[in-house]
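In: from the sequence below, what's the structure:
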Amino acid sequence: MGRPMKINVVVRSLSALAASAGACLAILAAHAPVAAQPVAPTPTPVPLPASQPSSPPLPAPAPTVFVPTGPAVSLSVQQAITMALTNNLAYQSAAQDVLFAQGQLISARGNAYPVVSAGYSYEHYQNEGFVFFPVPQPVGPPILQKEIFSAANINNVNATLQYAIYTGGAVQAAIGAAAANYSAAQSNYAAARADVINNTTSAYYSLLLAQRTAVISDEAVDVANQNLKTSQELFTAGTAARADVLRQQVALANAQVDAVRAHNSAYLANANLANLLNINLNSVITPQFAPTAPPVYSLADLLQEAQVRRPEIASAIDAVTIAEKTVTEARSGTLPQISLGITDASSKPNFFNVPQPQLSETLAVYWKLFDGGFTHGKVVQAQADVDKAKINLQQLRNSVDLQVRQAYFNYVAAQSAAVAALSGQTSAAESLRVTQLRYRAGVGTALDLTDALLTFTQTQVTYATALADESTALIELQRAAGLL
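Out: Numbers count the residues shown, from 1 in each chain. You can find the predicted model right below:
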């Protein structure tokens, strides 16, 4: 029991000593000269005009914003899509691919029909071919008589018909492959169309969002100017501190910086959409947006529609068909080939002027009995391509299924976010109004006013972003499901 008592005594002694030392320091500080006290550094005060020694510094002028000058273009989203489909270079290139594949199909089908050709030739010789024959005479020696057996000018006319009667299925396989390739080109063309619609719509709503954000930023600058004017009036009346004015000046400067960035984003979005539309990049595009009720979709229906309507899946199915036709064409190398040829030729020497018809028929059979396994190797390669095409098709189906699910959930989330953002904007607007009234009445603080303005601006941008995200998510869902 002795040790705790000793510790208490020591603690009390130390406390008393600390109190005495604090009193001494207070006395010394009271009698010390003012110059010896450490002074915290303060910023250099802004010089004030002599006529208004107590007024706060004026805010800096608003920064200038680059405004593009060019032809004005007013577009709805449907008009933008129509213009993009007309002018987009990638879409035009896909259309040429369809024409190219169509030409390949026409060429492949031509091999299934007979080939008829006609020819004409003219031959001229410097001297006719001749020979001398002795002709006996009744009296005397025989006389040599010149006999011409070739003409100096010969006209040859011929007509030929060639027809592949049987090719082991090679011609039919080539036609099937060309038809599948043509179908794949059409599917790729449809996919390019959907991509143009998707990209154009996204760029359209991005421009709409950027322009709306710029308007919101300008409104924030106006509200910040009004708040600064109110704080200056209260400061002049002596009911607000100088710090309130400075705080509102900082808020105004921040709002101006945000406005500059917002206008720059709007200009870039304008140029991006103009580039997609393939028009003058200096064009000033004004979106004509009319909000409509968002459609409602069922996930099960969308998953089923996507497997049927997605052009990429149709192209992958055509790839399987092409690979299968290639196998048939490769196997034709082990089968005989039968062809028929008919030629009608006529030569007309000028010295007799009598046609000499020459009609010939040729039936040919060609069968490659052994090629060292070359044809078998081609068949193995073609069969491997078939299996790979089927794997790619299944992989694509799984990918499309995942894309539809992701797009659907993003669309549902975007709709919910738009509803929540609208509620937040409404509450923030009311909060700003009440805070402004409280500040004018001298109840609220400048910090409350600044926070209310910042919150209101943020909720406006959030709501505009949510609307743009909802529209973009809808287009992406329609693209994923093959509905464009």
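
In: you'd agree Leu335 is up against Val171?
Out: No. Using CB atoms under 8 Å, Leu335 is not in contact with Val171; the gap is 11.9 Å. Backbone N, C-alpha and C define where each C-beta goes, glycine included.

In: ok, the two, which is more surrounded?
Out: The neighbour comparison of Leu335 against Val171 (other CB atoms under 10 Å) goes to Val171, with 20 against 15.

In: now the more buried one: closest residue in space that isn't a chain neighbour?
Out: Distances taken as CB to CB, 6 or more residues apart in numbering place Asn111 nearest to Val171, at 4.8 Å, with adjacent residues excluded.

In: roughly how far does that neighbour sit from Asp318?
Out: Distance, Asn111 to Asp318, using CB to CB, to the nearest Å: 20 Å.

In: give me the more crowded residue out of those two.
Out: The residue with more neighbours, out of Asn111 and Asp318, is Asp318; 23 against 14, by other CB under 10 Å.

In: and the pLDDT at that one?
Out: Note for Asp318: predicted pLDDT of 91.

In: contacting residues around it?
Out: Shown in contact with Asp318 (CB atoms under 8 Å, 6 or more residues apart in numbering): 180-181, 183-184, 187.

In: ok, 6 Å please
Out: Contacts for Asp318 (CB atoms under 6 Å, 6 or more residues apart in numbering) come out as 180, 183-184.

In: is it true that it lies in a strand?
Out: No. If the criterion is DSSP: H, G, I helix; E, B strand; the rest coil, then Asp318 is helix and not within a strand.

In: ok, the residue nearest to Val171 to Ala164 distance?
Out: Distance, Asn111 to Ala164, by CB to CB: 7 Å.

In: which element is encountered next along the chain beyond the helix or strand Leu396 falls within?
Out: Using DSSP states H and E, Leu396 sits within helix 374-440. Once helix 374-440 ends, the next helix or strand along the chain (criterion: DSSP H and E) is helix 446-480.

In: quick check: buried residues in that following helix?
Out: Of all the residues in helix 446-480, those buried under the rule 16 or more other CB atoms under 10 Å are 446, 448-450, 452-457, 459-480.

In: repeat for stretch 82-98
Out: 83-85, 88, 91, 94, 97-98.

In: need these in CSV with secondary structure and pLDDT, can you?
Out: As requested, the buried residues of stretch 82-98 are exported to CSV (DSSP: H, G, I helix; E, B strand; the rest coil; pLDDT from 0 to 100):
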residue, secondary structure, pLDDT
Met83, helix, 91
Ala84, helix, 90
Leu85, helix, 90
Asn88, coil, 84
Tyr91, helix, 88
Ala94, helix, 89
Asp97, helix, 93
Val98, helix, 93
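
In: quick one, phi/psi of the most centrally placed residue in the chain?
Out: Residue closest to the mean C-alpha point of the chain, counted by CA atoms, centre = their mean, is Asn199 at 4.9 Å. Phi and psi for Asn199, reported as degrees, to the nearest 10, are phi -70, psi -40.

In: leaving out chain neighbours, which residue sits closest to it?
Out: Leu276 (6.0 Å).

In: just confirm the one you found contacts Ala203, I think it does.
Out: Yes. Between Leu276 and Ala203 there is a contact under CB atoms under 6 Å: 5.3 Å.

In: just how off-centre is stretch 113-120 within its chain?
Out: Taking CA atoms, centre = their mean, to the nearest Å, one finds stretch 113-120 lying 49 Å from the centre of the chain it belongs to.

In: tell me the helix or strand right after the helix or strand where Ala173 lies.
Out: Using DSSP H and E, Ala173 falls within helix 170-237. Per DSSP H and E, helix 170-237 leads on to helix 242-277 as the next helix or strand towards the C-terminus.

In: now do the buried residues in that following helix.
Out: 244-249, 251-256, 258-260, 262-263, 265-267, 269-274, 276-277.

In: one step back: by contact count, what packs against the helix holding Ala173?
Out: Here helix 170-237 touches helix 77-87, helix 89-110, helix 242-277, helix 311-331, helix 446-480, going by 3 or more CB pairs under 6 Å, 6 or more residues apart in numbering; DSSP states H and E.

In: list of residues touching the shortest one?
Out: This points to helix 77-87. Helix 77-87 has contacts (CB under 6 Å, 6+ apart) with 91, 196-197, 200, 204, 276-278.

In: mean confidence for stretch 366-378?
Out: For stretch 366-378, the per-residue pLDDT averages 87.

In: Tyr113: helix or strand, and which one exactly?
Out: Counting by DSSP H and E, Tyr113 is found in no helix or strand.

In: what's around the residue nearest to it when sequence neighbours are not counted, how many residues?
Out: Counting by CB to CB, 6+ apart, Tyr163 is the residue found nearest to Tyr113 once chain neighbours are left out, at 7.9 Å. Per other CB under 10 Å, the neighbour tally for Tyr163 reads 14.

In: alright, that wraps it up for me.
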